[in-house]
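In: mind looking at a prediction? Sequence and model below.
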Amino acid sequence: MKHFILAIVTMFAVLAGALADTVVYDGVTYTIRSTGPETIAVEVGTDSTAPAIATSVEELAIPESFTLNGNTYAVFSVGGYAFYNCSRLKSATLPKSITSIHGYAFYGCSSLVHLDIPAAVASIGKYAFYGSGLKEIAIPPGVTELPSRAFQQCRSLESVTLPDSVVRLRDGVFRDCTALKEITFGSGYYSGNNDYVQISRCTSLTNAVFREGAKSISKEMFAGDTKLVRVVIPASVTWIGENAFRDSPVRELTVPECVIAAGVTNVFPAAASSLESLTIVSGTTLGATALAGLVNLKTLVVADSVSVIEDGAFKDCSRLTDITLPSGVSGITSETFNHCSGLWAKLFSVKADSSYDLAAAIADMAVASITVYGDTALDAFVLKDGKVYDAVVRVENASAADVTLSLPAGYAYETFYGSKPLSIPANSINLVTLTRTGENRFLVSRRKLQGL
């Protein structure tokens, strides 16, 4: 019995040794992985850190199959360390039969500027392209995960688009890709709470887009990306890790409820001084501190799902000039737009000061009076539906100049004279549109605000 077991062990050892045999074809070393009745399956590489080609090789084309000594060999994989530190390799062509690229395969190929990854590839190993000279990559649709540091220090890489099949990225996958300008994530992307993806220190990255369906963003993901000015995060994202956008001086943001709930400047600290355009794509409440510190915000679009805006939400938005609000929003009070001097200036064509109360003109409250502070201050005051109501509109010229105010005919006006006269012609230029929401109550049309 002992002799039988020894024989079996010896047989497996012989088979293993046979399967680990190598063949050399056209200057490339292949390792045999399995044998069949008609073909022998081989992997590019030597089963060691020794590269499969001479380090002086500059151009390479791997065949789908080849015949040697009467045997047919089918190439199905690029093995680990296959082209390790082949720094002179400039171009490589892989056959469509390749289904995997193992770890360190093209590590240190700093002259390799172009490589088409075959569509059949379903797995890429860690450090596979670390330090390579690739300028662009197209990840095949069968790949579900990019492992640790797969493309780290690819300092010529400029653009990355990930397919919807890529669910996870691992630590440092695109770290230190200093030429990377834009990256787009697929709809299947999900980051675990303990992941440190670190597409960090990509100092040329300006544009990061997550397609609808993406679930979360890892902590410290974009830390150190000091030129990241545009970020698109869809409503499907529900979690963003700590310091994910620590140093990103964003100017344009599209964000979901999880960002608004946490406060924009808590998730994007640098946004306090840089953010100019913000689009909120989900959520029900715009909290009092959601926009805190956004002193340079100019454009704001709020999702139709938002139904409540809390007092003080716009207190820091002194430069806000364009705003789109949901038609069904509630919670707007006489204090809501108190601090929006930029919005006042845009609406009324005058230099705003602290005496202006935008809510007195456009909030969901009784329109008691409109005070005009300049000769072109208010060109039109028009009820949206065009119907005539019994409401009385009170207008006053408090400027030092004569004022011509265009208002529609058919309404009752009470005119109060300040230091100079006020005239009201019959025609209307229709710059500002108000909607009647109740007895003697009006609300500004969000469509008009959007187009200002």
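Out: On my side now, so go ahead.

In: okay, now the closest residue to S248 other than its chain neighbours: neighbour count?
Out: With sequence-adjacent residues excluded and distances taken as C-beta to C-beta, 6 or more residues apart in numbering, S248 is closest to L228, at 4.0 Å. Quick note: C-beta positions are derived from backbone N, CA and C, even for glycine. Other residues near L228 number 26, with proximity taken as other C-beta atoms under 10 Å.

In: quick one, what contacts L228?
Out: With C-beta atoms under 8 Å, 6 or more residues apart in numbering as the criterion, the residues that contact L228 are L205, T206, N207, A208, F222, F245, S248, P249, V250.

In: quickly note the distance from the fourth one to A292.
Out: Okay, so that is A208. Look at A208 and A292: by C-beta to C-beta, to the nearest Å, they are 23 Å apart.

In: same check on the fifth one?
Out: Applying C-beta to C-beta, the value for F222 to A292 is 22 Å.

In: these two: who's more crowded?
Out: A side-by-side neighbour count of F222 and A292, using other C-beta under 10 Å, places F222 first with 27 against 18.

In: pLDDT score assigned to G142?
Out: Reading off the per-residue confidence, G142 sits at a pLDDT of 94.

In: quick check: which element contains it?
Out: Taking DSSP states H and E as the criterion, no element holds G142; it sits outside all helices and strands.

In: got the contact list for it?
Out: Under the contact definition (C-beta under 8 Å, 6+ apart), the residues listed for G142 are A119, A120, V121, A122, S165.

In: cool, and T285?
Out: Applying C-beta under 8 Å, 6+ apart to T285 gives the contacts I260, V306, S307, V308, I309, E310.

In: repeat that with 10 Å
Out: With C-beta atoms under 10 Å, 6 or more residues apart in numbering as the criterion, the residues that contact T285 are E257, I260, A261, S305, V306, S307, V308, I309, E310, A313, G331.

In: where in the chain is pLDDT low?
Out: When the per-residue scores of the chain are filtered using pLDDT under 70, the ranges that remain are 1-20, 327-328, 330-335, 338, 341, 343-452.

In: over to S273. Which of the three states is it?
Out: Following DSSP: H, G, I helix; E, B strand; the rest coil, the label given to S273 is helix.

In: OK, contacts around it?
Out: Contacts of S273 by C-beta under 10 Å, 6+ apart are P249, T265, G293, L294, V295, N296.

In: neighbour-wise, which one of those leads?
Out: Using other C-beta under 10 Å as the neighbour test, those are led by L294, with 27 neighbours.

In: surely that residue and C340 touch.
Out: No: the criterion here is C-beta atoms under 10 Å, and L294 misses it with C340 at 11.7 Å.

In: overlap in contacts of these two?
Out: Between them, L294 and C340 share these contacting residues under C-beta under 10 Å, 6+ apart: L300, F314, D316, C317, S318, R319, L320.

In: is the last one in contact with V302, as I believe?
Out: If I follow you right, that is L320. No: proximity of L320 to V302 does not meet the contact threshold set by C-beta under 10 Å, at 11.8 Å.

In: show me which of these two is the more surrounded one.
Out: Neighbour tally, L320 and V302, criterion other C-beta under 10 Å: the higher count belongs to L320, 24 against 21.

In: that one and F268, how far apart?
Out: Computed with C-beta to C-beta, the distance linking L320 and F268 is 17 Å.

In: any idea how far L112 is from R175?
Out: 19 Å.

In: is P37 in a helix, a strand, or coil?
Out: Taking three-state DSSP as the rule, one finds P37 in the coil state.

In: domain parsing for this structure?
Out: Under automatic domain parsing, the residue ranges defining each domain of the chain are 1-134, 365-451.

In: for P140, give me its contacts.
Out: For P140, the contact set (C-beta under 10 Å, 6+ apart) comprises 98-99, 116-124, 163, 165-166.

In: got a winner among those residues for most neighbours?
Out: Taking other C-beta under 10 Å as the neighbour criterion, I124 ranks highest of the contacts of P140 with 24 neighbours.

In: for S97, see how far away that residue is.
Out: As defined by C-beta to C-beta, I124 lies at a distance of 16 Å from S97.

In: any idea how far V231 is from A292?
Out: Relative to V231, and taking C-beta to C-beta, A292 is found at 19 Å.

In: coming back round to it: show me which of the contacts of T285 is closest to S65.
Out: Ranked by distance to S65 (C-beta to C-beta), those are led by E257 at 53.7 Å.

In: the closest one is in contact with G283, isn't it?
Out: Yes: with contact defined as C-beta under 10 Å, E257 counts as touching G283 (3.4 Å).

In: joint contacts of those two?
Out: Taking C-beta under 10 Å, 6+ apart as the criterion, E257 and G283 both touch A235, A303, S305, V306.

In: kindly reformat the contacts of P140 as JSON lines containing distance to L146.
Out: What follows is the contacts of P140, written out as JSON lines (distance: C-beta to C-beta, whole Å):
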{"residue": "I98", "distance to L146": "17"}
{"residue": "T99", "distance to L146": "16"}
{"residue": "D116", "distance to L146": "17"}
{"residue": "I117", "distance to L146": "11"}
{"residue": "P118", "distance to L146": "16"}
{"residue": "A119", "distance to L146": "16"}
{"residue": "A120", "distance to L146": "17"}
{"residue": "V121", "distance to L146": "12"}
{"residue": "A122", "distance to L146": "12"}
{"residue": "S123", "distance to L146": "10"}
{"residue": "I124", "distance to L146": "6"}
{"residue": "P163", "distance to L146": "11"}
{"residue": "S165", "distance to L146": "11"}
{"residue": "V166", "distance to L146": "6"}
